[in-house]
Every structure is written in structure tokens, then in C-alpha cells.
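Asks: The following block contains a protein sequence and its predicted model.
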Amino acid sequence: MTSAAAHSPPTRFAADPATAAALAIAAVAAATLAGAWFFQLVLDIRPCPLCLEQRYAYYLAVLLALVVAFAAARGAPRPLLLVGFAVLLLAALANAWLGGYHAGVEWKFWPGPTDCSGPVVDLGSAGTLLQRLDTVKVIRCDEVQWRFLGLSLAGYNVLISLLMAMMALWGIVAAKRSA
């Protein structure tokens, strides 16, 4: 085997599981965001306010995981990598909680935020009400727009976030072992 073949990406990532874990997190987060935008822009399934909040963790994960992967590939100090993976872990777990909360709102287990599941209270002036009603589509957090295998998008967010949390744990273990 030549020297160039020995340093091919799969071999290098197998030798550095912290880099692989960070890249896996970035890939899952990017794919999830691509899916969310596909549902929104192509299938016209509009996100509610809770759906939009759940995207924040994925935006953070893409950027931070790429930084952690770059740092790991460059031999950054392991404590720095551990902090990066810990932040990714906390973001994924918080997002899993938010997705679970949102799924509970959809199943009517508990009330959701009033801005997306309560009564409409600010109707503005009567003169423009009919015009605004024609142009505004209210997306409620407590109404499921799409289900597959019994799960809504909020339910899938829980599963994907837990997968990313497991990947972050894998990164933490890998970073500790290489210290």
C-alpha cells in the first residue's frame, strides 16, 4: 500500500474517531435542515414557531461540528474538543426535549405557547382585517401537518436529536481516549 493510500479519508477517519464523530454530527444536522427546508419550500408544509425554534440547534450543530472536526483533524488540544462535543451534546439533548415538548403539544398532553396554540387576540383594525386574513396563514403548534409511521416532524426531531447526542458522546469518548 502506498503512502497516499494509507492516508485516504476513510483510513484517516478510522484512526481519528473524534473527527469522524464531528463530521457525522455535521452531516446529520445538515441533512435534517435540508429536509426541513424541503418540507417547507417544496411540499409547502409551513413551520410553526416551535418548529423554527427546533432548527436553531441544527444550525449550531452544523457550524460547531465542522469547527470541532477541523480542530480534531489538526490535532487540537483534547480539552478543547471535549468542550466542543459537550456543547453539541447539550444542544442535542435540549433540542430533543424541545421536540418532545412540541410533540406533547401536538398530542394535547399539555398546552403549548399562546403565540402558536392559543386564541388569536390581536386582530388589528377592522378595516384591514379581511385583507390580512386573505394573506396570512396561521400555523398552529398544536396541529400536526404531516405524520409518517405515527410520528410528526417534532417526533422525528426527538429521534434525530437523540442520535446526534449519541454521536456527541461517541466524540467525547474518542477525544478522551486519544488524550
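Replies: Done, it's in.
Asks: Pull out the buried positions in stretch 26-33.
Replies: Buried positions in stretch 26-33, judged by neighbour count with 16 or more other C-beta atoms under 10 Å: 26, 28-30, 32. (C-beta placed from N, C-alpha, C; glycine too.)
Asks: Mind giving me the packing neighbours of the helix or strand where Leu88 lies?
Replies: Using DSSP states H and E, the element containing Leu88 is helix 78-106. Helix 78-106 sits against helix 17-41, helix 49-73, strand 151-152, helix 153-177, with contacts defined as 3 or more C-beta pairs under 8 Å, 6 or more residues apart in numbering; DSSP states H and E.
Asks: what angle do that helix and helix 49-73 make?
Replies: Counting by axes from the mean of the first three to the mean of the last three C-alpha atoms, to 10 degrees, helix 78-106 lies at 160 degrees to helix 49-73.
Asks: Report the mean per-residue pLDDT for helix 78-106.
Replies: When pLDDT is averaged along helix 78-106, the result is 93.
Asks: List the buried residues for it?
Replies: Using 16+ other C-beta under 10 Å as the test for burial, helix 78-106 gives 78, 81-82, 84-85, 87-89, 91-93, 95-96, 98-103, 105-106.
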